[in-house]
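From the sequence below, what's the structure:
(4 chains)
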There are 2 protein chains.
Amino acid sequence: MPKTFGQALRDIRRAKNLSQRELAQKTGVDFSYISKIENDRLPPPAADTIVKICEILDVPPEQLLALTGKVPSEVTETIGTSAAAIQFIRDAQAMKLTEEEWQRLGRQLRRLRR
Amino acid sequence: MPKTFGQALRDIRRAKNLSQRELAQKTGVDFSYISKIENDRLPPPAADTIVKICEILDVPPEQLLALTGKVPSEVTETIGTSAAAIQFIRDAQAMKLTEEEWQRLGRQLRRLRR
DNA sequence: AAAAGAGTTGACTTTCAACTCAACATTTCT
DNA sequence: AGAAATGTTGAGTTGAAAGTCAACTCTTTT
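Alright, predicted model coming up:
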């Protein structure tokens, strides 16, 4: 069973020795909100808020994002404005790619320009 | 200057010889809404509504979607649940891929399983 | 010309995500 | 123990997306 978003967040926050209030204040949300999130009383924050939180906690946002199924607005905008990109994702979806295959594509991506 | 969403929709709808009312009814929205959309009085519909409209009009949704920068929920869910996929898109974004490069990646995608 | 069909417009509504506020409980420090 | 810090909970707010509804006008058909 994978960790819930709340559990994951709590673990990271504790590892960084921050109180809910500190994290909340630096992130710009109410501290009681952090509490509810950590206890999974509310659904995870908006994607952009998650990114902010991760900046404060100084961790990459991908892991937490993936737990929520949400996509940050910068990413949405990237693919949203390209018909070929949307098509690409559609095809990838139909193939049900594994994480390894995505990574392999990532390497091919880098080779694209060489 | 690229076509607006409203212009593009209107062109397609007319090409298919449908009235606003017909399209609206089959799509499940109010006909006055179609009017406003076509005249760009309101922002484009939700991504999933665009997909529905395209089904009724019998055209692939990518072109219209790309005009809006929106992403259908099925696509969001696909990439949203995979950290590697998000990472991939991030990298692609940083590289500012062209449409052709996206298509090239699409071909590599198909070769992935062979 | 009158009726039907098609399109436009302003005002309003509904729904929901994403929180905040205030009060209370629990834990930790001195 | 008392105070300070930290965490939890229920209720309420806010803003924006995504439309609807009713009334009107313009166009076409008979």
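
use CA for all of it now, contacts and neighbours both
Will do.

in chain A, which spans are strands?
For chain A, no strands are identified by DSSP state E.

what's the residue closest to the geometric middle of it?
By CA atoms, centre = their mean, chain A has its centre lying nearest to residue A:65, at 1.8 Å.

right, and it touches residue A:47 too?
Yes. Taking CA atoms under 8 Å as the definition, residue A:65 is a contact partner of residue A:47 at 6.9 Å.

Mutual contacts of these two, please.
residue A:71 (CA atoms under 8 Å, 6 or more residues apart in numbering or on different chains).

Spell out which parts of chain A neighbour chain B.
Of all the residues in chain A, those in contact range of chain B (CA under 8 Å from any CA of the partner chain) are A:62-63, A:65-71, A:75-93, A:99-103, A:105-106, A:109, A:112.

buried subset of these?
A:62-63, A:65-71, A:75-90, A:92, A:101-103, A:105-106, A:109 (16 or more other CA atoms under 10 Å in any protein chain shown).

which ones among those residues are found in helices?
Members of these lying in helices (criterion: DSSP state H): A:62-63, A:65-68, A:75-80, A:83-90, A:92, A:101-103, A:105-106, A:109.

Would you mark the buried spots in stretch A:40-58?
A:44-45, A:47-48, A:50-54, A:56-57.

Format these as JSON lines; extra columns: distance to residue A:33 and pLDDT.
Below are the buried residues of stretch A:40-58 laid out as JSON lines (distance: CA to CA, whole Å; pLDDT from 0 to 100):
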{"residue": "A:44", "distance to residue A:33": "10", "pLDDT": "98"}
{"residue": "A:45", "distance to residue A:33": "9", "pLDDT": "98"}
{"residue": "A:47", "distance to residue A:33": "15", "pLDDT": "97"}
{"residue": "A:48", "distance to residue A:33": "15", "pLDDT": "97"}
{"residue": "A:50", "distance to residue A:33": "13", "pLDDT": "98"}
{"residue": "A:51", "distance to residue A:33": "16", "pLDDT": "97"}
{"residue": "A:52", "distance to residue A:33": "14", "pLDDT": "98"}
{"residue": "A:53", "distance to residue A:33": "12", "pLDDT": "98"}
{"residue": "A:54", "distance to residue A:33": "16", "pLDDT": "98"}
{"residue": "A:56", "distance to residue A:33": "16", "pLDDT": "98"}
{"residue": "A:57", "distance to residue A:33": "16", "pLDDT": "98"}
